[in-house]
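Undergrad: need a structure here:
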Amino acid sequence: MRIRHGAPVSAILIPAAFFLSVLDPMGQEPNALIYLAYVGFGILTLTFLVLGIGLVRKKPPENV
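TA: Next comes the predicted model:
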């Protein structure tokens with residue numbers, strides 16, 4: 001998976017975790033699928049961290 005896919009993947013995982021964790025109509029608390037939100041937040045954090053490091057380390061254009 002490329003780093004550019006991180007933001008869309010996390011945008012899918014985080015809401016899906018909240019939706020899928022309460023599918024049981026009789027449930028009083030979220031089930032284990034709520035941990036998908038933590039995975040989504042981890043992917044989002046890693047994506048932005050790698051993106052920020054890449055932007056800081058990028059060389060400026062030579063013809064400026």
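
Undergrad: Show me what counts as buried in the helix or strand where Ile53 lies.
TA: In this assignment (DSSP states H and E), Ile53 forms part of helix 35-57. Buried residues in helix 35-57, counted by 16 or more other Cβ atoms under 10 Å: Leu36, Ala37, Gly40, Ile43, Leu44, Thr47. Just so you know, the C-beta spots here come from the backbone N, C-alpha and C atoms, and that holds for glycine as well.

Undergrad: how about the nearest residue to the second one, chain neighbours excluded?
TA: Among residues not flanking Ala37 along the chain, Ala17 sits closest, at 3.7 Å (Cβ to Cβ, 6 or more residues apart in numbering).

Undergrad: any idea of the pLDDT on that neighbour?
TA: Ala17 carries a pLDDT value of 96.

Undergrad: so what's it up against?
TA: Ala17 makes contact with Leu33, Ile34, Tyr35, Leu36, Ala37, Val39, Gly40 under the criterion Cβ atoms under 8 Å, 6 or more residues apart in numbering.

Undergrad: tally of neighbours for Ala7?
TA: Using other Cβ atoms under 10 Å, the number of residues around Ala7 comes to 14.

Undergrad: mind checking which helix or strand it is in?
TA: Assessed by DSSP H and E, Ala7 sits inside helix 6-20.

Undergrad: then that helix to PDB, C-alphas only?
TA: Output of helix 6-20 as PDB, limited to C-alpha atoms (Å, rounded to 0.1, in the frame of the first residue of the first chain):
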ATOM      1  CA  GLY A   6      -3.500   6.200   3.900                       C
ATOM      2  CA  ALA A   7      -6.000   9.100   4.200                       C
ATOM      3  CA  PRO A   8      -8.800   7.400   2.100                       C
ATOM      4  CA  VAL A   9      -8.300   4.100   4.000                       C
ATOM      5  CA  SER A  10      -8.600   5.900   7.300                       C
ATOM      6  CA  ALA A  11     -11.600   7.800   6.100                       C
ATOM      7  CA  ILE A  12     -13.300   4.500   5.500                       C
ATOM      8  CA  LEU A  13     -12.100   2.700   8.600                       C
ATOM      9  CA  ILE A  14     -13.000   5.200  11.200                       C
ATOM     10  CA  PRO A  15     -16.700   5.600  10.400                       C
ATOM     11  CA  ALA A  16     -17.000   1.900   9.600                       C
ATOM     12  CA  ALA A  17     -15.800   1.100  13.100                       C
ATOM     13  CA  PHE A  18     -18.500   3.200  14.700                       C
ATOM     14  CA  PHE A  19     -21.200   1.800  12.400                       C
ATOM     15  CA  LEU A  20     -20.200  -1.900  12.600                       C
END
